[in-house]
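**Student:** Below is the structure, and that's it, no one-letter string:
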């Protein structure tokens with residue numbers, strides 16, 4: 001309200017509008033934030049911060065075609081990690097996994113220690129039953145960050161249907177370093193059952 005009082009009808013103050021848009025963004029008012037960031041992006045097309053915020057809000061609103069169009073234009077100016085990730089998300093949501101993989105892999109190439117992107121790639125690969133590729137992806141990341149819980153679980157899932165002992169080791173490790181999730185106990189129970197460790201399996205199924 002204070003910032004809105006600073007606006008004048010005879011000129012467009014983009015600095016104040018940017019602050020108002022940020023207030024809407026931070027308070028979860030996505031509709032007004034998106035509207036203002038759209039105006040600001042047109043007024044200042046070189047302001048990458050405004051345009052990335054607009055992409056983020058368009059993604060929340062499931063306007064994936066707008067995310068893709070805006071992202072393609074931005075990537076002609078600069079290769080930005082948030083843009084690559086949002087593009088991957090948009091293609092994945094519109095059931096274009098090959099395009100999603102391209103942008104996720106580009107994002108991971110620029111920031112190898114990005115567990116969130118590893119998880120997004122793994123979701124696609126596991127859906128395709130590309131277990132060896134998923135395992136390689138997880139192990140490469142874990143060589144840098146061996147106690148990462150989400151990627152450790154990816155490794156366990158990549159091994160789950162073929163190598164029960166290594167899979168159980170992966171899930172045991174994530175539990176040791178602090179995980180206590182339904183999935184980890186369930187899949188560890190599955191691994192123990194398949195290797196005839198029924199007492200241990202029962203313990204984790206009960207959890």
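**Tutor:** The structure has been received and is ready for your questions. Note that the structure is a prediction, hence the values are computed from the model and not measured.

**Student:** Mind giving me the packing neighbours of the worst-scoring helix or strand of the chain on mean pLDDT?
**Tutor:** The helix or strand of the chain with the poorest confidence is helix 30-43; it has a mean of 78 (mean pLDDT, DSSP states H and E). Contact partners of helix 30-43 among helices and strands, from 3 or more Cβ pairs under 8 Å, 6 or more residues apart in numbering; DSSP states H and E: helix 14-26, helix 48-60. The way it works is simple: take the backbone N, C-alpha and C, and place the C-beta from them, glycine included.

**Student:** That helix to helix 14-26, inter-axis angle?
**Tutor:** Orientation check (axes from the mean of the first three to the mean of the last three Cα atoms, to 10 degrees): helix 30-43 against helix 14-26 gives 150 degrees.

**Student:** Let me have the helices and strands packed on helix 30-43 in a markdown table, extended by mean pLDDT.
**Tutor:** A markdown table is the format used below for those (pLDDT from 0 to 100):
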| stretch | mean pLDDT |
| --- | --- |
| helix 14-26 | 80 |
| helix 48-60 | 84 |
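
**Student:** Of these, which is nearest residue 41?
**Tutor:** helix 48-60 (4.8 Å; Cβ to Cβ).

**Student:** Give me the buried positions along that closest one.
**Tutor:** Buried residues in helix 48-60, defined by neighbour count with 16 or more other Cβ atoms under 10 Å: 48, 50, 51, 52, 53, 54, 55, 56, 57, 58, 59.
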